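In: just to be clear, the model below is a prediction. Sequence and coordinates:
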Protein chains: 4
Amino acid sequence: MMNAKPVAIVGASGYSGEELVRLLLAHPHVELAAVTSRQYAGRTLAQIFPRFAHHPRARTLRFSEPNPAVLAKQAQVVFLALPHGVAAEYAVPLLELGCQVIDLSADFRVRSAAVYQEFYAHEHPAPELLARAVYGLPEIYRAQIKPASLIASPGCYPTSILLPTLPLLKAGLVAPEGIIANSLSGVSGAGRKVELDYLFVECNESARPYGIPKHRHLSEIEQELSLAAGRPVTIQFTPHLIPVNRGILTTLYLTPAGATLEQITECYQAAYAREPFVRLLEGKALPDTKNVAHTNVIEIAWRHDPRTGRLIVMSAEDNVVKGAGGQAIQSMNLMCGFPETAGLM
Amino acid sequence: MMNAKPVAIVGASGYSGEELVRLLLAHPHVELAAVTSRQYAGRTLAQIFPRFAHHPRARTLRFSEPNPAVLAKQAQVVFLALPHGVAAEYAVPLLELGCQVIDLSADFRVRSAAVYQEFYAHEHPAPELLARAVYGLPEIYRAQIKPASLIASPGCYPTSILLPTLPLLKAGLVAPEGIIANSLSGVSGAGRKVELDYLFVECNESARPYGIPKHRHLSEIEQELSLAAGRPVTIQFTPHLIPVNRGILTTLYLTPAGATLEQITECYQAAYAREPFVRLLEGKALPDTKNVAHTNVIEIAWRHDPRTGRLIVMSAEDNVVKGAGGQAIQSMNLMCGFPETAGLM
Amino acid sequence: MMNAKPVAIVGASGYSGEELVRLLLAHPHVELAAVTSRQYAGRTLAQIFPRFAHHPRARTLRFSEPNPAVLAKQAQVVFLALPHGVAAEYAVPLLELGCQVIDLSADFRVRSAAVYQEFYAHEHPAPELLARAVYGLPEIYRAQIKPASLIASPGCYPTSILLPTLPLLKAGLVAPEGIIANSLSGVSGAGRKVELDYLFVECNESARPYGIPKHRHLSEIEQELSLAAGRPVTIQFTPHLIPVNRGILTTLYLTPAGATLEQITECYQAAYAREPFVRLLEGKALPDTKNVAHTNVIEIAWRHDPRTGRLIVMSAEDNVVKGAGGQAIQSMNLMCGFPETAGLM
Amino acid sequence: MMNAKPVAIVGASGYSGEELVRLLLAHPHVELAAVTSRQYAGRTLAQIFPRFAHHPRARTLRFSEPNPAVLAKQAQVVFLALPHGVAAEYAVPLLELGCQVIDLSADFRVRSAAVYQEFYAHEHPAPELLARAVYGLPEIYRAQIKPASLIASPGCYPTSILLPTLPLLKAGLVAPEGIIANSLSGVSGAGRKVELDYLFVECNESARPYGIPKHRHLSEIEQELSLAAGRPVTIQFTPHLIPVNRGILTTLYLTPAGATLEQITECYQAAYAREPFVRLLEGKALPDTKNVAHTNVIEIAWRHDPRTGRLIVMSAEDNVVKGAGGQAIQSMNLMCGFPETAGLM
C-alpha cells in the first residue's frame, strides 16, 4: 500500500482490539504496523485470530511485547485497547515520542481527576494529560478531534446514551432532570474475560441487570450531559446483559421541556441528518441491534407518549464498532485527514 | 389416578397451551381429560408435541374440535388458551354448563368494558361476565380466587410488573406518579405466530423495543395499580424482544414517598416472605431469567439509588409459567382445594 | 419426608452435580442429606444455585467439605460428580463404609485398567474395584444394577451411541465394522469449566468439531459394543460443539448385515417398546434435542438408504439428564427398589 | 462511481439476495442498478433492509417488478436469487437479451435434465441451456467461468463438501466408495421461509437432522464427485439444522486409497495453497463457523485416524457468502475481468 499511514494497537487480544484489527486490516489508508499482547507475543495475528488469516498481513504480523519506544518508531497512530489505569502508562511516553494516541479505555474520558478516582477507585495515573484529551465523539467534537493528539474514545454505553440525548439537551428541548437510561448489552461488552458469569451456559437463555446503581460509565455520561445542559446532570442508568454477541439497545425516558414532537424531530434532523453514521428512523421503524451489527451506525428513534407526557428515545449500536473500535477509527480518520467514513462503510 | 379431577384445555396448540399440557400431565390431582385444537383435531398430543410422548396419557389423548357441550361433560375445570375475543365465546356456555373456567386471554382481566374496547379495539364480547371474573393473581387475590368460577389469569408482563409494585403502592411507600416499567421478553411471549418477525434469523442476535407507547397490557396493569393506590395511575411501559425462549425481566423505576430502604424491605417481607412462588433476593443477588425458567417463581430485588433518590425494582419470571400456565394452575389449585403448590414444585 | 432414603452428592457444583440436585430435590423417595464442594463449603444450595431457592431444603442445606467418614453417616447412597481420577479416591472408602456409590465419572466405566490408562493417561486409582462396578445403562444392565453397590454411570456421548446400537449389534443385524458416530453436544457437556473456549462469545454463532480422532469416551463405547458384538469393535467418533445449553444429537452410520428395515424396526420394538425412557420415533419424525431437554428420554429414529445400502440411526438426549444425572438416578431407583421412573417423569 | 458495471438482482428479498445486496453495495467495480421483488416493489432497499440504509444507494434504489426486458437495459450482469424452476424462466430471456446471468438456484447445476427431474420433481424448464451453463465453483472451474455467460452457482452444502473432496478424488488419493458427509447448517440456510419449523422458539436450543436420506443437493454433489473420480459416485449425506444464523460445518468420512497423510497434505497444498478463499488449517486448528462468518472463506482441516484407517476432513463456510452470494460474486469477478477478490476481502 502506497503512503499508507502506519498504525499500532496496544492490547490487541480483547474484543475491542480484535475489532480494531478487523477494521484496520481492511482500511484503505493505513497499514497495521504493530500489534502487542503480553500473552500472545511471538505469535501471528492469524494464529490467534484465525478469522483474519485470509488477509496476507495477518499471516506475517506477529504480536510483540508492548514497548513505547519501539512502537513510536513503528507507528504514527497508536490505539490503546487496555484496561483503565494501564492505558495511561502507555499514553504518556507515546505522546512524548510524538505519536497520536487513541485510547479506548476510560483513562482520559473524564476531565476531573477527582471524579475519575470516585468512579474507578484509584488515583488518576496521569492527571496532567486530562486537559489535552479530546472526548472522541465525532458527531459532537469533530472540530476538536481533528487537531488532537490524544483521543479518549467513548465507552459503549455512553455512546448509545449521549448521541440521542445531547442535541435535545443543548437545545433545551428536554429537562435535564429525571433522565433514565435503560440499556441492554451483548456479552462482548464484558470483554474477553474468562469468568464464570460469561460462560455460554450462564449467559444463554439469561437476561439480567448488573452494576447498579452506580456503573462507572456514569462518570463520562454525566460529564457530557452536564456540559450540554449547562448545569449538573445526574441520571439513572441500568445496564443489562442479554445473550447476543454484539449490540447495545438503549431506551431513554426523557421529559420534554415544553417542546413538541415536531421540534424534537427537527432538532434530530438538524443535528444528524447529514451524519454518515447516525440513522434517524422514520415511520414505524424502531431500532434493532441486528440492523447495526458489524457497522459503525447508531440507529435512533423517538416517540412521544401523550398518556404520560414523556419522550421515549431508543438507540441501537454495535458495542464493539460504534461503541468501541469503529468510533476510534472514525476519530483517526478525522485526525489524519482521511475521509471520515474510510474503512467504515 | 384415583379421584383425579378432570380438566380440559381449549386451544392447546400455542406456547401457553403447551405449557399447560406439560404441567397438567404431571399434576398429582388432575387428569387431562380433553385438549382442543381446530388445526390438530384427531391427532394425539404425542404427535403434535413429541416432548410429552413418554407420558402414557399423551399417547392416547387426541385433540378434539372445541365444543362447549362436550367439554362440560368431560371436564370440571376448563382452561382457555385462546386469543382475546374468542375466549369469551367459550367462557359463556362453559360457565352456564357449570364448569369452572380459567381464561388465559385478556377477555376478563379488565373490569370495564369501555377500557377493554379502548385497548383491544372491539366491543367486549360478554360484558355481563366482567363482574363475576376474578383477576387470578394468587398472591393478591387468594381469597377471591378460592370461591370463583371464572378466573382471568393475568398477562405475562402484568405479572412481572404488578407483583413487585402492588405492595409498595398499597402501603403508600412509593408515589403512584411517574412509574416506569422497562421489560424484556423471550420470543415465546409473542405466541406461536408464524410471522417473519419471529423467525430464528430475525430474532437471534437481535434486541428491539416494540408496541410502544400503548401496549394492550397497560389496561390491566393500570387497573390493578390504580386499585392499589386508591386513585388513577398511569405508567410508562416499554416491552422489548430479546433472543431467549422463555423469560421476562422487568426493571421498574419508582419514586419513594418518603420511605426508607428498610421500610421497603419490610414491606416486601411482610407481603411475600411466606409466598412459595415469590423469591425476594438478598445480598448482592439480582434477578436472572435463567434462575426462574421452567418454574412458577418470580424473583424480586430492589435497590435505592442515593444519587437520584429513586427506587429500582427488578423482577424475573418465566413468561409461560408464572406469566401464563403455571399461574393459571396456581389459581386452579386454590379453586379446587388442592395444595397451592401442587404440580408446581 | 417419612422413610425417605438419605442421599449425598460429592462435587455438586458442576453442571452434572447441579442437575442431580434439581432432580433429587424433587424425588419422592429420597432426602438430599449432604452436598459437598470444596469451593462453596459453608454456603447453602440456594446461595450458589438461586434457581433452587424456592425449595425449602435448598435454603437450609449447606455445602460441606467432602469427608467420606462423615458422608457415610449422613447418606446411604452417594453420587460422585467428580473428575476422573478423583472419584475413585472417594469410592474406595465410601464402599468400605457400606454406602452404595453411583459414580458419574469415567473411573469405573472401563473394565480394563490398561485401557483406562491408555485413554486417561494415568494409572487406574483403584483397579481392585473394577470387577465390582456395574455399567449403569439400565436398559441394558437392569438386572446387574439392582443388586450392585458400585455403579459406573455412562458418559453422555456413550449413552447416545450405545442405546441405538447395542440391540442391533447383539441381534447381528448390523456389521460391527465401519461404524461411524457423529455427535453434536451442547456446551454444558464441557462442564462448568472457566476457559476461553466456553465463553458465550466464543460459542454463540459457532459450530466446531473437537477431540478427534481419539476421544476418551471411545474406551467405554468400544468396550460395550465389543461385548454386544462378541468381538472387538473399533468405531469412528467425532464430537462437535454447538451453541445450545443442553442436548446431544448423534447420527450413526451403520451397515446392515443382510437385515431388512422391518427386522431393524422389530429389533428396536422388542428392545425398547416398553422402556419408559426410550422413545422410538414413528412416521416422519426425527430426533430433536428440544424434545428431550429437561427429560430423561432418549429419542431414536432410523432410516434405510437404498442408494447406499446404509442404515442411518439418529438419537437425541439431554446430556445432563439421560446423559448424566437422570440416568444415575434411574440406576439409584433400581438399586433402592423404587419405581424406575420415580422422580424422572 | 466511474465505469462501474451495472448489475441487478432478481429476487433480492431472501437471505441470499440480501447478502448479494450487502456485498454488491460495497463492491468497488459495480453499481447495483436494479433489485426486484414482487412483494416489495416500489419500496427502497433501505425500507426493507434497514441495515443498508447508511449506504446512499440503498436509500434511492427501489425494488421493481421483475421484467427481463427492462432488466436487460439496466444491467449487464444479472444475479438470480429465485426458487428452482422459477430461475430458468428469467435466465432464458436475459441470456437472449445479452446479459451475463449468475443463477443461485439449482436450475442449471445439474447437467442432466433427467437427474434434475428425479431430484426436483418437475421437468427441467430450459434443458437447452444446460450445456451452456458452467458450475460456478471458481477453485475448480476458473477457466470455464471466465468466458461463460451462464453460471450455475453451487449450493451451500455442495460447496462445503466438494471443495474438500474433489482434489483428493481427482488425485486418486481416496476411494470414491463409502463417502459420508455429515453437515450442520445455520437457519438462514432454510431461506426466509415463514414456517413454524423456523420460528425462533422452534430452532433455539434445538439440533435436528432433516431431509434424509435423499436431499436435493445430492444431485450436484454426486455429479461433480463422479466427474472427479471418473466413475459414478454415490455418497451418504445428512444435513442437520443448528441454532446459528450463518454457517455450515461439514465433517467428511473418507477412505484413503493407499495414500499417506503426507500425500493428502501435499495434494491440498497443491490445490489450494494459493487460493485466496481456501484456508488450509495447520497444527491443531479445526474449522469453526465463527471464523468464516461474514467472509467468503472456506476452512479445511484433515486428520488420519490410525485406529480406523479413515481420513476425516472437516470444512466450515458461511452458507450465505461462500455458500451463496459471495461465491456468485467471485464468479462475476472472473467473468468481468475484475480481481477475483474484489469486494470480497
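Out: Now that the structure is in, tell me what you want to look at.
In: quick one, strands of the stretch 51-200 of chain A?
Out: A:63-64, A:77-80, A:100-103, A:134-135, A:150-152, A:180-185 (DSSP state E, counting those that start in this stretch).
In: quick one: the ones you listed as a markdown table, columns for distance to chain C and mean pLDDT too.
Out: C-beta coordinates here come from the backbone N, C-alpha and C atoms, glycine included. Compiled in a markdown table, those are given as follows (distance: least, CB to the nearest CB, whole Å; pLDDT from 0 to 100):
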| stretch | distance to chain C | mean pLDDT |
| --- | --- | --- |
| strand A:63-64 | 16 | 97 |
| strand A:77-80 | 20 | 98 |
| strand A:100-103 | 23 | 98 |
| strand A:134-135 | 28 | 98 |
| strand A:150-152 | 25 | 98 |
| strand A:180-185 | 12 | 98 |
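In: of all those, which one is nearest chain B?
Out: Closest to chain B of the strands of the stretch 51-200 of chain A, according to CB to the nearest CB: strand A:180-185, at 4.3 Å.
In: the closest residue to chain D within the stretch 151-300 of chain A: what's it in contact with?
Out: Distances between the stretch 151-300 of chain A and chain D by CB to the nearest CB are smallest at A:Asn291, namely 4.2 Å. Shown in contact with A:Asn291 (CB atoms under 8 Å, 6 or more residues apart in numbering or on different chains): A:Glu299, A:Ala316, D:Pro50, D:Arg51.
In: ditto for A:Gly155
Out: Taking CB under 8 Å, 6+ apart as the test, what A:Gly155 contacts is A:Ala106, A:Arg109, A:His217, A:Glu220, A:Gly323.
In: in helices, which of those appear?
Out: Counting by DSSP state H, the part of these found in helices is A:Glu220.
In: and the end-to-end length of stretch A:230-244?
Out: 37 Å (CA to CA, to the nearest Å).
In: quick one: the spatially most distant residue from the centre of chain A from A:Thr265, how far?
Out: The centre of chain A is farthest from one residue, A:Arg307, which by CA atoms, centre = their mean lies 34.7 Å away. According to CB to CB, to the nearest Å, A:Arg307 and A:Thr265 sit 20 Å apart.
In: rewinding a little: for the strands of the stretch 51-200 of chain A, give me CSV that also has distance to chain D and mean neighbour count.
Out: Output for those, formatted as CSV (distance: least, CB to the nearest CB, whole Å; neighbours: other CB atoms under 10 Å in any protein chain shown):
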stretch, distance to chain D, mean neighbour count
strand A:63-64, 17, 20
strand A:77-80, 21, 28
strand A:100-103, 22, 26
strand A:134-135, 23, 22
strand A:150-152, 23, 28
strand A:180-185, 17, 26
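In: highest neighbour count among the contacts of A:Asn291?
Out: Sorting those by how many neighbours each has (other CB atoms under 10 Å in any protein chain shown) puts A:Ala316 first, at 31 neighbours.
In: so that residue sits in a strand?
Out: Yes. Assessed with DSSP: H, G, I helix; E, B strand; the rest coil, A:Ala316 lies in a strand.
In: these two touch, right, A:Ile235 and A:Leu218?
Out: Yes. Between A:Ile235 and A:Leu218 a contact is recorded at 7.2 Å, counting by CB atoms under 8 Å.
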